[in-house]
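Participant: The following comprises the amino acid sequence and a computationally predicted model.
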Amino acid sequence: MPHGLGHGIGLTVHDSPDLRRRPTHEVLLNNWTDTPVKRGMVFTIEPGIYEKDVGGFRLENDVIITSKGPQMVTNSHPVFIDL
């Protein structure tokens with residue numbers, strides 16, 4: 001997956017934590033910060049699919065971490081449009 005899975009929601013559009021694979025390249029690791037997921041955090045889960053030379057799409061669902069674990073706040077589904 002060439003992009004992150006999601007990001008935090010807070011005072012800015014893309015708050016911490018970034019939900020992505022930990023980089024393996026030494027230069028990228030210099031700017032990497034591990035952020036533990038904690039109760040009260042809200043973030044997006046944005047799976048996507050892309051096809052070269054065609055395009056792609058992503059779904060965005062919001063999740064909050066509660067004392068009982070993650071709880072879905074939204075539940076988006078793909079919508080297909082004939083072009």
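Facilitator: Received the coordinates, thanks. Since we're looking at a predicted model, the values are computed, not measured. Numbering: from 1, shown residues only.
Participant: Show me what residue 56 bridges to in the sheet.
Facilitator: Note on residue 56: beta-bridge partners residue 50, judged by DSSP bridges.
Participant: Also the one 10 residues further on?
Facilitator: With beta bridges defined as DSSP bridges, residue 66 has these partners: residue 69.
Participant: From residue 23, how far off is it?
Facilitator: According to CB to CB, to the nearest Å, residue 66 stands 30 Å off from residue 23. (Each C-beta comes from the backbone N, C-alpha and C, glycine too.)
Participant: Over to residue 39?
Facilitator: Residue 39 sits at a distance of 27 Å from residue 23 (criterion: CB to CB).
Participant: Could you pull up the contacting residues of residue 4?
Facilitator: 18-20, 46 (CB atoms under 8 Å, 6 or more residues apart in numbering).
Participant: isn't there a strand covering it?
Facilitator: No: the assignment for residue 4 by DSSP: H, G, I helix; E, B strand; the rest coil gives coil, which leaves it out of any strand.
Participant: If we ignore the residues flanking it in sequence, what's nearest it?
Facilitator: Spatially, and ignoring its direct neighbours in sequence, residue 4 is nearest to residue 20 (3.5 Å; CB to CB, 6 or more residues apart in numbering).
Participant: Could you tell me the model confidence score at the one you found?
Facilitator: As predicted, residue 20 sits at a pLDDT of 83.
Participant: burial of it, as a residue count?
Facilitator: 13 (other CB atoms under 10 Å).
Participant: Perfect, I'm done here.
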